[in-house]
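# just need the structure, nothing else, for what follows:
(one chain, ligands or ions: 1)
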Amino acid sequence: MAYIGPMTLRPILIHPDPRLKKVCDPVAEVTDELRVAAADMLETMYDAPGVGLAAPQVGLTKRLFVMDCIKDPEAAPRPIVLFNPEITWTSEARNVYEEGCLSIPEQYAEVERPAEVRVRWLGLDGATHEEHFAGLWATCAQHEIDHLDGRLFIDYLSPLKRQLITRKMEKLKRDRARG
Ligand code: NI
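Numbering: from 1, shown residues only. Presented below is the predicted three-dimensional model:
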């Protein structure tokens, strides 16, 4: 694999932003440019800190996300980079998890999704991978794949709750712009 060089933190887009609503394009080939983007995204995710980050959150409309749901600081990290991820199977059993999103800081809400999924993706090595995910990994993978289709976790909430959160984010953006 090519030398990637020092990683750079990339600014995370905050909702509402039209770039977070786009359906992302499939990746035709894992190029060095995309490897750099993936490395930067992992760095940005760990720094935030978060357990997942999708390309559109850093303004890249490509089907790519990164995740590492190992939360125990004593455990070895397990960063995964997924290009063109596809859900190939979902369990009938469902699970409710209190989700958050780095593009919607400090807002959390319960979202119900399939408890377990199988995901197929193209890895950094250019090979196809497939894995069964459960628990937080399954929730995270589905949340991140939603991002690639322009969908946010607040889209599962009632219009009223969604509006409340959106207004808070608009205010946060105004406050940040003022410095
Ligand atoms: Ni998110």
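
# excluding chain neighbours, what is closest to residue 124?
In this structure, residue 124 finds its nearest non-sequential neighbour in residue 81, 5.0 Å apart by CB to CB, 6 or more residues apart in numbering. All C-beta atoms are positioned from the backbone trio N, CA, C, and that covers glycine.

# likewise residue 47?
Spatial nearest neighbour of residue 47, excluding adjacent residues (CB to CB, 6+ apart): residue 9 at 5.7 Å.

# go through the helix or strand that contains the residue nearest to residue 124 and flag the buried ones.
Secondary-structure assignment from DSSP states H and E places residue 81 in strand 80-90. In terms of neighbour count (16 or more other CB atoms under 10 Å), strand 80-90 has its buried residues at 80-85.

# follow-up on the earlier one: correct me if wrong: the residue nearest to residue 124 contacts residue 122.
No: assessed by CB atoms under 8 Å, residue 81 is found out of contact with residue 122, at 9.4 Å.

# may I have the secondary structure class of residue 120?
Under the three-state scheme (DSSP: H, G, I helix; E, B strand; the rest coil), residue 120 adopts strand.

# which residues touch it?
By CB atoms under 8 Å, 6 or more residues apart in numbering, the contact set of residue 120 is 85-86, 88, 128-130.

# longest helix of this structure?
The residue-count maximum for a helix in the chain (DSSP state H) belongs to helix 159-178.

# just checking, what packs against it?
Where contact means 3 or more CB pairs under 8 Å, 6 or more residues apart in numbering; DSSP states H and E, helix 159-178 is packed against strand 104-114.

# the strand it packs on - contacts with which helices or strands?
Partner elements for strand 104-114 (3+ CB pairs under 8 Å, 6+ apart): strand 94-101, helix 135-148, helix 159-178.
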